[in-house]
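Student: Give the three-dimensional model of this entry:
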Amino acid sequence: MPGRHINDHQMRLYMRLRLTEPVTAAAAKAAISVASAYRIESDARLPSQKGEPRGRRRPDPLIDVFDAEVVPMLTAAPAVRAVAVFEELTRRYPELPRGVRRTLERRIRAWRAKHGPQKDVIFRQVHELGRMGLSDFTEMGDLGVHVAGMPLDHRLYHFRLACSGFEHAHVILGGESYVALAEGLQNALWALGGAPREHRSDSLSAAFRNLSRDERLDLTARYEGLCAHYGMEPTRNNRGVAHENGAIEGPHGHLKSAIGDALLLRGTRHFEDLASYRGFIDEILARKNLRNARRIDAERAHLQPLPVSRTTDYEEVLAFVTSSSGFTLRKVFYTVPSRLIGHRLRARLYDDRVQLLIGGTPLLTLRRGRPGPDGKHGHVVDYHHVIHALRKKPMALMNLVYRDQLFPREAYRHTFEWLLERHGERIACKTVVELLSLAHDRGCEAELAAALSESLEAGDAPNLKALAARFAPDPQRLPQVYVQLAPLSAYEALLGEASGEAA
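Tutor: Numbering: from 1, shown residues only. Okay, the predicted model is just below:
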C-alpha cells in the first residue's frame, strides 16, 4: 500500500504465495505493489535485515569498570547478585551515576550466559502407574489457624501418587518424626485402598536430629519395616536437593494456597476443636481428588493389595506412676488417676495422644504434650485426677508446679488471681479448690466458668453456696433408692392363675 513500508510479515507472505501464484497475484494478496514485488524477486533479504545495525548513541558508562572490576568479581564469586556488584561499584566510584544499575544487570546477565558456570538440569520423568508414592511435611503455622481460641502451631503430612496425583494430608501437632510419618502414611494407603511399589521421602533429617547413632539406626530399621509391611521399596532423595521430590514439593504450594483460599471464603480461621479442622482439610483434599477421579481409578488398579491389618504407628515406652499421681515422658509430666500410683504402665506415643495400658488392657488416652520452646518441661494436667487429694490440702495449690495448667478454663484462673489479689492466699486457694470440686462433682465445668466470668465482670466474689444450689443436686445427698425384688414364687402363682382362667 502506498505510504507504508513493507514489513517482514508481508514479505514472507509474498514469498509463500509466490510458490504457486504469479507475481501480480501474489503481490495483490500480500498488499504490495508489483514494482515492490519485482524488487523482492531481485533481493530476498527481509526488510529488517536491510537496515544498518544501530550503534551506541551515548558513551558506555561501564567501559572502564566492567572488564577491570566486574568480571573479576563474577569470576571469584559466581553466585554474587548483580545488586551487590552495583553497590560495590558505587562505593568504589561515587561518581558513577545511579541510573546505570539496569545497564549493569543486563551486562552481567549477558556475561553469565556466555561465560557463567554450568547449571543443574531438571530431567522430566515419565511416571508409571502404581509405581511411586511420595511423602513430605510442610509448615502450616503461617496460615494463622486457631483451635479452641488458641493458635495452632502445626504441620501437614502430605502424601501424593506421582502418576495420578492422588493426595492425602494429615494434621501433625509435633515435629517431623517416624510416628507422624507412619500414622500419616498408613492413613493415606488405607484411604487409597492400595500401596505403590516404591515410597519416596526426603532424608528425614528432622526426625533423626539430636538422636544417637543407635537410635538413628533403630528408626531406619523401623521405617524399612513399615515399607516392607506394605511391600514398598523405600527410597530417599539426596539431602538438600528438593527438586528430586518435585512431584510433591510443587503440590505443597498448591495445597497451601487452596487451604488459604478456603479459609478466606470461610470467613474465619477459628475452629471449635481439632476434629473440625481436620475435617476441613479432608474436604479440601476430597475436592482435589475428585477432579482427578478417572486417573486415580486407573492407577488404583495397578496398586498392590493392602495387608490384612495396619502395622504399628506408635512408639511404646514404660512409664512409672510416682506419688505425684503422674509420670514424666519426653520432658512432659502427665497426670493420671491416683489409683495408678506405683504401677508401671505401657505408654504408646502417637503424634497427638498417649495411650496408656496396664499389661495388655487399655486404661485411658491422654492428649500428648510437648516441652516448651525454651526446653522447659511441659505439663498435661487433668484436674479430675487430683481434685480429691487437693480437697484435703487446698493450700498446695498456691505453689503447685503445674498450677496454671490445672485450671480447665481461663475463668478459673482469672478467679484465682482476683481472689489472691483481694483476699489473700488462704481464701483464694480454698475457694478455687471448692470451685474445681463443684465442677468435678456436678459435671458443670463450662456452665460454672460462665457464672464465674459474670461474677468477675460485676466485681463480686463467687458465692459458693449460691453456686452449689444453682448446680444442684449434690451427688452426695441424692436419696438412696432401694428396689425390692419379688420372689420367683409370686410369678409362678400368677402363671398358675392364668392357666386356670384359660382352662
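Student: Quick check: phi and psi on V432?
Tutor: As for V432, its main-chain torsions (degrees, to the nearest 10) stand at phi -70, psi -40.
Student: wait, P362
Tutor: Dihedral angles (degrees, to the nearest 10) for P362: phi -70, psi 140.
Student: The closest residue to it other than its chain neighbours: how many residues sit nearby?
Tutor: Nearest non-adjacent residue to P362, counting by CB to CB, 6 or more residues apart in numbering: Q355, 6.4 Å away. Just so you know, the C-beta spots here come from the backbone N, C-alpha and C atoms, and that holds for glycine as well. Q355 has 18 neighbouring residues, counting by other CB atoms under 10 Å.
Student: ditto for I172
Tutor: 23.
Student: which ones are touching V65?
Tutor: When contacts are counted by CB atoms under 8 Å, 6 or more residues apart in numbering, V65 touches L89, Y93, L96.
Student: does the spatially closest residue to L185 that is not a sequence neighbour have beta-bridge partners, and which?
Tutor: Nearest residue to L185, sequence neighbours excluded (CB to CB, 6+ apart): S135, at 5.8 Å. On the basis of DSSP bridges, S135 is bridged to F159.
Student: So S135 sits against G184, correct?
Tutor: Yes: shown here, S135 and G184 form a contact pair, counting by CB atoms under 8 Å, at 7.2 Å.
Student: Who has more neighbours out of these two?
Tutor: G184 (23 against 20).
Student: returning to what we had before: what do S135 and G184 both touch?
Tutor: Y157, F159.
Student: Can you give the contact residues for the helix or strand encompassing K256?
Tutor: Remark: K256 resides in helix 246-266, with elements defined by DSSP states H and E. Residues outside helix 246-266 that contact it (CB under 8 Å, 6+ apart): 122, 127, 132, 134-136, 138, 140, 143, 145, 156, 158, 160, 162, 165, 167, 169, 242-243, 269, 280-281, 284-285, 288.
Student: which of these are buried?
Tutor: 132, 134-136, 138, 140, 145, 156, 158, 160, 162, 165, 167, 169, 269, 280-281, 284-285, 288 (16 or more other CB atoms under 10 Å).
Student: Now do D382: how many residues are near it, please.
Tutor: By other CB under 10 Å, 18 other residues sit near D382.
Student: Contacts only, for it.
Tutor: T335, L366.
Student: what's the answer for L452, then?
Tutor: Counted by CB under 8 Å, 6+ apart, L452 has contacts A411, Y412, H414, T415, L435, P462.
Student: and the helix or strand hosting it, which residues are buried?
Tutor: Using DSSP H and E, L452 falls within helix 445-458. Using 16+ other CB under 10 Å as the test for burial, helix 445-458 gives E445, L448, A449, A451, L452, S455, L456.
Student: closest to S201 among these?
Tutor: Distance to S201 across the buried residues of helix 445-458 (CB to CB) is lowest for E445, with 42.7 Å.
Student: Tell me if I'm right that that closest one and L435 touch.
Tutor: No: taking contacts as CB under 8 Å, E445 lies outside contact range of L435: 10.0 Å.
Student: would you put the C-alpha positions of the helix holding K256 in CSV?
Tutor: The C-alpha coordinates for helix 246-266 follow below in CSV (Å, rounded to 0.1, in the frame of the first residue of the first chain):
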residue,chain,number,x,y,z
GLY,A,246,9.4,-32.3,42.7
ALA,A,247,6.2,-34.5,42.4
ILE,A,248,5.3,-33.4,45.9
GLU,A,249,7.3,-30.3,46.6
GLY,A,250,5.3,-28.3,44.0
PRO,A,251,1.9,-29.6,45.1
HIS,A,252,2.9,-28.4,48.7
GLY,A,253,2.5,-24.8,47.5
HIS,A,254,-0.8,-25.6,45.6
LEU,A,255,-2.3,-27.3,48.6
LYS,A,256,-1.3,-24.5,51.0
SER,A,257,-2.8,-22.0,48.5
ALA,A,258,-6.0,-24.0,48.3
ILE,A,259,-6.3,-24.1,52.1
GLY,A,260,-5.6,-20.4,52.3
ASP,A,261,-8.3,-19.6,49.8
ALA,A,262,-10.8,-21.9,51.6
LEU,A,263,-10.0,-20.1,54.9
LEU,A,264,-10.7,-16.7,53.2
LEU,A,265,-14.0,-18.0,51.8
ARG,A,266,-14.9,-19.5,55.1
